[in-house]
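**Student:** Below are the sequence and a predicted model; questions follow.
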Amino acid sequence: MFRAGLIILLLCFVCVPPGCSRQGHDATIRLALQTEPTTLDPAFSVDFSSGKLSSLIHSNLVAFDPDAEIVPDLARSWDILDEGRRYVFHLGAARFSNGRRVTAADIVYSVRRLLDPATVSPRWWLLKPLRGAAGFHGGGRWDGEAVRAIDDSTVVMKLDRPVAHFLGLLAMSAAGVVCREEIERLGAGYGRSPCGSGPWMLSSWAEGDEILLVPNPGWPGPRTALEGLSFRIIPEQMTQIAEFETGSLDVLEVPRAELEHWRAAGTPLLWKEELRVVYIGLNTRKPPFTDPRVRHAINLAVDVEKIVVHVLFGAGKRARGVIPPSLRLSPGPAERYPYDPARARALLAEAGYPNGFAMEIWQRENPEAGRVLESVQGYLAEIGITAKLVTREWGAFKEAVDQGTPDAFFLDWLADYPDAENFLTPLFHSSNIGGSGNRTGYRNARVDSMLDAASMCMDRAERWELYRSAEEIVYGDAPWLFLWFPEKYEVVSPRLTGYRIPLIFNGQRFLDVGV
Amino acid sequence: MRTFVLKRLLLLVPILLGVATLTFVLMYIVPGDPVRAIAGERYDEETLVRMRAELGLDRPLVVQYVDFLGRLARFDLGDSFVTRRPVTEGIRERFPRTLVLALSAMAIAIVCGIVIGVLAAWGAHPVLSRILMTVSLVGVSMPVFWLGLLLIYLFAIKLRVLPPSGYGGGSIRNLILPALTLSFASMATIARVTRSGFIDALGEDYVRTARAKGLGERVILSKHVMRNALIPVLTIVGADFGSYLSGSVLTESIFGWPGLGRFVVQAILKRDFPVIQGAVLFMAVLFVLVNLAIDLSYGAIDPRIRSEGGER
């Protein structure tokens, strides 16, 4: 019996031929996703993986290029009329992956579907600027003038008021154009069998393992030389590294803790600033954080520069303000919070807390957050503030933070579209308090009116000036402990050509990438 | 025997009802709003209310509970809140992969564990015996995560003989490392238990009698010693196999193995109630069945237990 067992075991090993099966010499690019997309239906794509893949499969009227510039997609050109209240889009000759031509009626259908209260899309708000959209979503009548097909290849959209970042909204993954007959045929199943007119189409989806996209023959743009994009779902970063090192992945996002190793090995790293800001929100509705002196003291007490160098291994820039550097037209606000614990202590005393106070900082489960917050905790202790770190999983964390329960919370904000508006309005406009983004409960009527004016302003320079001034006020009011703008590092297999890290997550459609 | 099996199967009904009730209640006690977890980063309260209504979460708890039990009675586990796919579809896709991994890990653990245990018990080579027991001690105490990465480093990166991760369409090459990792702790425990079982059995009167009868050492070992030493091993196999079948989250995560464990953990993180409830119920059924099978196999190995079972 022992002998039989041993023989079976040995056979298991011997029968397996050596060499790795996934060595890629073909024209399929192999990429990794940390989490599996939940759906490929644009209306429900709210997480990173779903949005990224949905944008490869679906076309929008306009799209982002890797530098996050707006480029033509289904619309070959467009006119902005009536001071930004009317958009006329002229469509090209794209086809859905089922072979049918995309017409203006498909745009109307997709817009109406996203806004329809019966669809229950959490992303309906991106089309809110359309005329009567909010009313329709609230159960009112559909305004046929909001979006209208003039003929098969012309669409007109009307807005309640000018919205300068409207094209950015249209390029978001949730605004992807869907194929009506497939939605009606498949219902909820569309999320697993999407039919878009993007450059790629779904070939196979092995649950929890691998998603394969192949070129959509109906794509009207230049043909890609690639045979496909394979997205493997690999939750562990260490495993992703192993896959890259064995040549089974073409692109690897380098974890911050591994940066030194790759730098030391002399591997050429691609680098891009992310459109993301990391912060600790201070609950401005709750004493003692209602007092701006306390919030200033907290900002003065923490040496963020040091945290960026030692905890983040330099993979970020200290945030002076809210808008990431790559979206700025002029430099950020002047330094207001240099590391100065003595002044912080004085401010606390002035505010009536000479001996400090106790507070809670909430975080979601995340090892990196833990390391950062321990440093913050140490700095705060130096000025007498006892910070207790409270860890909750994502759902519970969001619920508490949306309802304004915690004193402070560690969070980040990732841009949906590359615009200063996407940072300032959701995060600091008083109409967005709660789940819409403003989780500190910050209220400033001047900031509100500046943000309202800016979003309607079609003049680029004037608009920037409004955002810059609003940011200056927010920075001075300090509803956050301003932390950093992260940077992303990737290594790419030498067989890949033309690959760039996109500035916005759905800005890389692999059209210029070759092997 | 038949009544025994029937009784045990009938017990499934109250067990499942208990498990169903417990998971249902736990879902609602644990903080965390499923709708907020699904809605992404930016949403308005009105949308949350709509989503809650669409998922039926706005109804009174009792109504939701009765509805849930009603669906269970029709073997309908509902649709996932997040992916909107039927839960049974997810389980049907994931379980066979978990089963393959669990069976291979168990096979490795049993064969290697027993071989190591017997070699260590035999005492012919005291040094070998000590080495084997030290290795098994390391095996019992080594964290799965570390072992997994170690094996990936050795076999995938250094020797390049096996792929580091993935399901590979069911290729045996992709199965080896996760199965080996998963088997390690069980293998070590089985080895230690086999060794002590063997040493105990070797000292028993019936072994002396067998030797006195002039039976060959091989016959004594396989017919007399082995059977008696195997009973505790079977208990370990039962417990470990039951838990392997419900998915091994760490092993599956390290090796990107698309099994039941990752499926459930993802569901827990997203507060995907129907998936959590469905998967937990499915695991409860598996546990009961595996334990029943183990109880029955005790009888097959040891006639004394069989006769006790017959009296029941």
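**Tutor:** Received it, and whenever you're ready, just let me know what you need.

**Student:** use CA for all of it now, contacts and neighbours both
**Tutor:** Will do.

**Student:** quick one: low-confidence parts of chain B?
**Tutor:** Judged against pLDDT under 70, the low-scoring parts of chain B cover residues B:123-124, B:247, B:305-312.

**Student:** Now the residue in the stretch 251-400 of chain A that chain B sits nearest to: closest residue in space, sequence neighbours ignored.
**Tutor:** Nearest to chain B, among the residues of the stretch 251-400 of chain A, is A:Ala396, at 3.6 Å (Cα to the nearest Cα). The shortest distance from A:Ala396 to any residue that is not its chain neighbour, by Cα to Cα, 6 or more residues apart in numbering or on different chains, is 3.6 Å, and that residue is B:Gly32.

**Student:** interface residues of the stretch 51-200 of chain B facing chain A?
**Tutor:** Within reach of chain A by Cα under 8 Å from any Cα of the partner chain, the stretch 51-200 of chain B has these residues: B:51, B:54, B:82-85, B:93-94, B:108, B:111-112, B:115, B:149, B:152-153, B:156-157, B:160-167, B:172-173.

**Student:** Which strand residues bridge A:Val491?
**Tutor:** With DSSP bridges applied, A:Val491 shows beta-bridge pairing to A:Leu252.

**Student:** coming back round to it: just the buried members of the residues of the stretch 51-200 of chain B next to chain A?
**Tutor:** A residue is treated as buried here by neighbour count (16 or more other Cα atoms under 10 Å in any protein chain shown); on that basis the buried members of those are B:51, B:82-85, B:93-94, B:108, B:111-112, B:115, B:149, B:152-153, B:156-157, B:160-167, B:173.

**Student:** Give me the buried stretch members for the longest helix anywhere in chain B, please.
**Tutor:** For chain B, the helix reaching the highest residue count under DSSP state H is reported as helix B:87-122. Judged by neighbour count (16+ other Cα under 10 Å), helix B:87-122 contains these buried residues: B:87-88, B:90-91, B:93-95, B:97-121.

**Student:** do the same with stretch B:55-71
**Tutor:** B:65, B:68-69.

**Student:** need the contact list for the residue of the stretch 251-400 of chain A closest to chain B.
**Tutor:** The neighbourhood of A:Ala396, defined by Cα atoms under 8 Å, 6 or more residues apart in numbering or on different chains, consists of B:31-33.

**Student:** now do A:Ala415
**Tutor:** If you count contacts by Cα under 8 Å, 6+ apart, then A:Ala415 has A:275-276, A:422-423, A:504 around it.

**Student:** by contact count, what packs against the longest helix of chain B?
**Tutor:** Counting contacts by 3 or more Cα pairs under 8 Å, 6 or more residues apart in numbering or on different chains; DSSP states H and E, helix B:87-122 is packed against helix A:2-14, helix B:126-141, helix B:172-202, helix B:226-245, helix B:260-269, helix B:273-301.

**Student:** want to throw those into TSV with distance to A:Ala408?
**Tutor:** Formatted as TSV, the entries for the helices and strands packed on helix B:87-122 read as follows, by distance: least, Cα to Cα, whole Å:
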stretch	distance to A:Ala408
helix A:2-14	55
helix B:126-141	39
helix B:172-202	41
helix B:226-245	40
helix B:260-269	22
helix B:273-301	29
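
**Student:** which parts of the lengthiest helix in chain A are buried?
**Tutor:** Among the segments of chain A that qualify as a helix by DSSP H, the longest is helix A:460-477. Across helix A:460-477, burial judged by 16+ other Cα under 10 Å covers A:463-464, A:466-468, A:470-477.

**Student:** Check the model's average confidence along it for me.
**Tutor:** Along helix A:460-477, the predicted local confidence has a mean pLDDT of 96.

**Student:** And for that helix, what's in contact with it?
**Tutor:** Applying Cα under 8 Å, 6+ apart, the contact partners of helix A:460-477 are A:292, A:295-296, A:320-323, A:329, A:332-333, A:336, A:420-421, A:424, A:428, A:446-447, A:450-451, A:453-455, A:457.

**Student:** three-state assignment of A:Pro37?
**Tutor:** Classification of A:Pro37 using DSSP: H, G, I helix; E, B strand; the rest coil returns coil.

**Student:** which residue sits closest to it in space, ignoring its chain neighbours?
**Tutor:** Using Cα to Cα, 6+ apart and skipping the chain neighbours, the partner closest in space to A:Pro37 is A:Ser50 (4.3 Å).

**Student:** Would you mind measuring from that neighbour to A:Gln34?
**Tutor:** Going from A:Ser50 to A:Gln34 by Cα to Cα, to the nearest Å gives 11 Å.

**Student:** So for those two, which residue has more residues nearby?
**Tutor:** Counted by other Cα atoms under 10 Å in any protein chain shown, A:Ser50 and A:Gln34 do not tie: A:Ser50 has more neighbours, with 22 against 16.

**Student:** who's in contact with the more buried one?
**Tutor:** Under the criterion of Cα under 8 Å, 6+ apart, the neighbours of A:Ser50 are A:36-40.

**Student:** The same query, at a cut-off of 6 Å, please.
**Tutor:** Remark: with contacts taken as Cα atoms under 6 Å, 6 or more residues apart in numbering or on different chains, A:Ser50 is in contact with A:37, A:39-40.

**Student:** Beyond whichever strand or helix holds A:Arg185, next helix or strand please.
**Tutor:** A:Arg185 is located in helix A:180-186, with elements delineated by DSSP states H and E. Once the chain leaves helix A:180-186, the next helix or strand it forms, by DSSP H and E, is strand A:200-206.

**Student:** Now for A:Ile233, how many residues are close by?
**Tutor:** For A:Ile233, the tally of surrounding residues (other Cα under 10 Å) stands at 27.

**Student:** just A:Ser153 next, same as before
**Tutor:** Burial measure for A:Ser153: 18 neighbouring residues, criterion other Cα under 10 Å.

**Student:** Cheers, nothing more for now.
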